[in-house]
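**Student:** One predicted model, sequence on top.
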Amino acid sequence: MVHIEKYMLEMMDTYLKPIDTNWQPSDFLPDSTSDTFYQDIRILRDNAKDLSYDLVAVLIGDTITEEALPTYESWLAMVQGPSMKEDGGWMKWNRHWTAEENRHGDLLNKYLYLSGRVDMRQMEISTQYLIADGFDIGTGHDPYRNFIYTSFQEMATNISHRRVASLAKKDGDTLLSRMCGVIASDEARHAKAYKDFMNRIFEVDPNEAMLAFEDMMRQKIVMPAHFLREVGLKIGQTFGHFTDAAQRLGVYTAIDYVEIMQQLIVDWKIEGMRDLNEAGEKARDYIMALPSRLLRVAERMKNPTIDYKFSWIAG
């Protein structure tokens, strides 16, 4: 991590945009200082009326996930090693990455508040629960496992936001489509960054990186919203219903999980990696065989049909 810190600092301007010229939530939302503010809100609400129930549920779940950003920043800040000192390069990356991500929850939260489709108090309770409950993604304080996780997760959120954008456009809400589109673009850029950093790690320390990749694949990537819940429910009880809605819509599916894994194998050139010891070779063999096995399972899965009513959705 110390070794690739210099490279990361050189690449920061490629993977993170200048703050002064970056998009902000107010670029998309009705301007409260404008004479047309109330008219603009009516148009926003009219366009949100036709969004499907499942799409609103997925959008709320995505928003809550984005709003739980304090958990993710503190989790990355706990990574151990001399490279993670407060005034070091990696902590600079962590703060700037967090600052870019912070806009996502702000934008979606304000849109949902104005849309008239959401019981905001119930959603806010779920957000507070998700931050208060915390989560264990199985990475410990190991930077390799953390960056494997973020590479996977940023790719997954890119897929989810991109498909919500497409469905919103189909339902006639072009504003929501644009918003989710710019968020997806951020996630794609962040995914590229973390994948690039892991590529450098594989070059310097291939065996330990391979073992970390194997370990994360064995225990499966746990989504940040894994502990999602509503009032009166236990930790994680709402997550299954949220993922059911995403699976029904095709926003994020079991097949997407496998395809992300396959893409990481290609991007990190796992199959042709040299200079591995016996443990590294065994880890590589496990990783290479896993996607086809999981794909067979994913293809047999049927779309869930349980009709669940979320407390978040008004009416």
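**Tutor:** Arrived safely, thanks for sending. Numbering: from 1, shown residues only.
**Student:** Just confirm Thr157 contacts Asp186, I think it does.
**Tutor:** No. Thr157 lies out of contact with Asp186 (C-beta atoms under 8 Å); the separation is 9.1 Å. C-beta coordinates here come from the backbone N, C-alpha and C atoms, glycine included.
**Student:** Any idea which residue is closest to the centre of the protein?
**Tutor:** Thr157 (3.6 Å; C-alpha atoms, centre = their mean).
**Student:** helices or strands up against the host helix or strand of that one?
**Tutor:** Of the helices and strands defined by DSSP states H and E, Thr157 is found in helix 143-170. With contacts defined as 3 or more C-beta pairs under 8 Å, 6 or more residues apart in numbering; DSSP states H and E, helix 143-170 has these neighbours: helix 53-67, helix 69-77, helix 174-204, helix 206-219, helix 239-249, helix 254-267.
**Student:** Confidence-wise, which helix or strand of this structure is lowest on average?
**Tutor:** Within the chain, no helix or strand scores below helix 69-77, which has a mean of 75 by mean pLDDT, DSSP states H and E.
**Student:** Can you give me the buried ones in that one?
**Tutor:** In terms of neighbour count (16 or more other C-beta atoms under 10 Å), helix 69-77 has its buried residues at 69, 71-73, 75-76.
**Student:** Nearest to Val297, out of the helices and strands packed on helix 143-170?
**Tutor:** helix 254-267 (7.4 Å; C-beta to C-beta).
**Student:** Measure how the closest one sits relative to helix 206-219, angle-wise.
**Tutor:** For helix 254-267 against helix 206-219, the angle by axes from the mean of the first three to the mean of the last three C-alpha atoms, to 10 degrees is 170 degrees.
**Student:** Show residues contacting the helix or strand in which Ser126 is found.
**Tutor:** Assigned by DSSP H and E, Ser126 belongs to helix 120-133. Counting by C-beta atoms under 8 Å, 6 or more residues apart in numbering, the neighbours of helix 120-133 from elsewhere in the structure are 60, 63-65, 67-68, 70-71, 112-113, 225, 227-231, 235, 238, 311-312.
**Student:** And those residues, which of them are buried?
**Tutor:** Neighbour-count burial (16+ other C-beta under 10 Å) applied to those gives 60, 63-65, 67-68, 71, 112, 225, 227-230, 238, 311-312.
**Student:** In space, what's closest to Met216 - neighbours in sequence excluded?
**Tutor:** The shortest distance from Met216 to any residue that is not its chain neighbour, by C-beta to C-beta, 6 or more residues apart in numbering, is 4.9 Å, and that residue is Ile148.
**Student:** re earlier: quick one: which of the buried ones among the contacts of helix 120-133 has the lowest pLDDT value?
**Tutor:** Of all these, the model is least confident about Thr71, whose pLDDT is 75.
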